[in-house]
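K.L.:
fold the stuff below for me.
(2 chains)
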Amino acid sequence: MEELIKELKANIIEVLNLEDMAPEDIENDAPLFGEGLGLDSIDALELIVMMEKEYGIKLKNPAEGKEIFKSINVMAQYVSEHRTK
Amino acid sequence: MHFVADNIISPLGNTTELNFKAVEAGRSALQHFAEDSVSTEPYVAAKFTEEQRQSLEIAELTRFEALAALSAKEAIGKAGIDVSAPNVVFILSTTKANIENLHSGDEPAEAFIPSVAAQHIANYLGVTTKPLVVCNACISGVAAIITAKRLVDGGRFDYAIVCGADVLSRFTVSGFQSLKALSADECRPFDIERNGLNLGEAAATIVFSSSTGEFSIEAGTIRNDAFHISSPSKNGEGAFLALKALDAEPYLEDIAFINAHGTATLFNDQMEAVAIERAGLTDIPVNGLKGYFGHTMGAAGILETIISKEALRHGLVLATRGFEETGTSAEINLSAVNRPVVKDRIIKMISGFGGGNAAILIRKESENALQSNGAEFFDSCLTTVHHVAIDSQSASLDGQHIVCQSCGRQMLVELYKRFIADYPKYYKMDPLCRLGLVASGLLLKEKDVEPQAIILFNHSSSSVADRRYWATVSAPDNSFPSPAHFVYTLPNIVTGEIAMRYGIHGETAFFILPDRDERFISDIVNSIFKDEGLNSAIVGWIDYSDDELYTADLLLLSKT
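P.N.:
Just a heads-up that it's a prediction; the model follows:
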């Protein structure tokens, strides 16, 4: 799980162009949206693309993202349970 | 400015009359399609059939250019004007022009730039003045009509041919899919069950004149949400401000209906309903036409203006196809059936990516009141408050050279860190927006004058972002269209980013020209400044061809 968390952080920084952030700047249980990293609705859609591209997880409804992208911990849990690649 | 003649070419027919009759009878161009060359999943759209496509070909033009040219040609023929005269301007409204040519990979780099397409169309029509492209995302069509009004009422031209068009391609369809904006069924504007839009292809043209006519454009306004580059403002701020600025209060009793944008996405329709309510227009009937034509992008504002004008002529509020039960928090006056009305004005409103919102007031002249505006064109007295010039090698503010350690793309990062620094969203932007943000940051450094509007011009459109997005779509066996990259393929997003950063709610406009024609640019800027409420604006040229070739030459202008 530790490895996956590290990888997720690196992927998020890359796909969302968070150029001035390092993986250790993202806390495992802090909210990704709203306060946290200040991500917006396009970022959420970009994360949906990342889930499919990197882990083979297809989210049909963008609203599902709301629960899954709550924090890095929640995301890692979901990915480890649902990944197909 | 008055209507002289018009045309619509859509899957429902090749003239205004055929299209209006189809809509009046409740016929829709929307159809279900299986996966094909434009979509990897089933979809609903308004598309030309193979037979229609063949009838819309012109040997020396691309599919997009031919569609626009044929629409313009029919309208010009009906108007009976000599388009080669120097008093005629051709204005093209489009979001992505020839972008489908990017698919083949063997087209010259310039081929998909909108101003190149506009020049091809102008040449075909025999127009000799320089063509102007209005590229303001979904509001382009109405923005183009407003631009024409200013240039014609101001006396710069006597005739304006305003033509809007877009075609469906993998580029556009994949982008809207990546934004999860498309409905798998026929769209349902303002309905409680609405779940997204359908795209459509069409061209529409209006020939306008300074002399008399049965219908005229009485007022036109553009305002920005300054909220988000792809989501509409929650309180409909930009649309509300645009409606208010129409100054339609004295005519409320005379307004037959409001033709809304009504894309049938959850957020757009909710936003429009809120804006209409805030503007005090709740009692006026509202309708939306996307259920007949889909969202025809660059054509939408012009096509829907023509159909609405015809409805006014026929004394009808057309039904909103797909609507059954109100699904917005604000109550608005919609109907699923045609309703009779005898009044003499209508409002067309529209909203789009980049936070832009536009509205126009259209009037049917009473028979004994036909008269021309005949206003004189004069240059407003404008002062340059600040001037920023940036290219890939150097930067200056008010003529003072800014010493940089780096050049090219890196130089913009350096300038961002030195002069802005507290706006990490910078890193998410495409290069054109980065350039615009840095240049406007320098321009507004002194905080002495607050700009109310942003008016930008270029040649290369959003070509860097176009290629970058297309790379995410076209990778063999690895196609994952990026929604963020797609949004930046609209060049006017740079105006939206600047508006958001500095809280500018006034007009935002993006124009594309064949070259940097200072005289034409100054005519357009002057015509915008004739708006009495406008006292200051960020104005200038901003072009990003690649990391080693870019220019921003921006002025902060103020009325004296």
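
K.L.:
next SSE downstream of the helix or strand bottoming out on mean pLDDT in chain A?
P.N.:
Scoring the helices and strands of chain A by mean pLDDT, DSSP states H and E places helix A:62-68 at the bottom, with a mean of 85. The element immediately downstream of helix A:62-68 (helix or strand, assigned by DSSP states H and E) is helix A:72-82.

K.L.:
below-threshold pLDDT in chain A: ranges please.
P.N.:
Within chain A, the stretches with pLDDT under 70 are A:35-36.

K.L.:
taking the stretch 251-400 of chain B, what residue is nearest to chain A?
P.N.:
B:Phe267 (9.2 Å; C-beta to the nearest C-beta). Where you see a C-beta, it was placed from the backbone N, CA and C, and this is true even at glycine.

K.L.:
whoops, the stretch 151-300 of chain B was the one
P.N.:
For the stretch 151-300 of chain B, C-beta to the nearest C-beta, closest residue to chain A: B:Lys180, 4.8 Å.

K.L.:
tell me the spatial nearest neighbour of that residue, not counting adjacent residues.
P.N.:
Nearest non-adjacent residue to B:Lys180, counting by C-beta to C-beta, 6 or more residues apart in numbering or on different chains: A:Pro62, 4.8 Å away.

K.L.:
near residue 10, how many other residues are there?
P.N.:
The chain I'm using is chain A. 13 (other C-beta atoms under 10 Å in any protein chain shown).

K.L.:
that's the wrong chain, I wanted chain B
P.N.:
28.

K.L.:
list phi and psi for it.
P.N.:
Per-residue torsions, B:Ser10: phi -140, psi 180 (degrees, to the nearest 10).

K.L.:
distance of the residue nearest to it when sequence neighbours are not counted relative to B:Gly13?
P.N.:
Spatial nearest neighbour of B:Ser10, excluding adjacent residues (C-beta to C-beta, 6+ apart): B:Ala202 at 3.9 Å. Relative to B:Gly13, B:Ala202 is positioned 10 Å away (C-beta to C-beta, to the nearest Å).

K.L.:
which residue sits farthest out from the middle of chain A?
P.N.:
The centre of chain A is farthest from one residue, A:Asp20, which by C-alpha atoms, centre = their mean lies 17.3 Å away.

K.L.:
wasn't that one part of a strand?
P.N.:
No. Assignment of A:Asp20 by DSSP: H, G, I helix; E, B strand; the rest coil gives coil, placing it outside any strand.

K.L.:
that one touches B:Tyr426, doesn't it?
P.N.:
No. Taking contacts as C-beta atoms under 8 Å, A:Asp20 lies outside contact range of B:Tyr426: 9.1 Å.

K.L.:
for the residue nearest to B:Lys180, give me its contacts.
P.N.:
If you count contacts by C-beta atoms under 8 Å, 6 or more residues apart in numbering or on different chains, A:Pro62 has them with A:Ala44, A:Leu45, A:Ile48, B:Lys180.

K.L.:
identify the farthest-apart pair in those.
P.N.:
A:Ala44 and B:Lys180 (9.6 Å; C-beta to C-beta).

K.L.:
around chain A, which positions in the stretch 201-350 of chain B sit nearby?
P.N.:
Residues of the stretch 201-350 of chain B lying near chain A by C-beta under 8 Å from any C-beta of the partner chain: B:His228, B:Ile229, B:Ser230, B:Ser231.

K.L.:
and the second one, which helix or strand is it part of?
P.N.:
Translated: B:Ile229. With DSSP H and E as criterion, B:Ile229 is part of no helix or strand.
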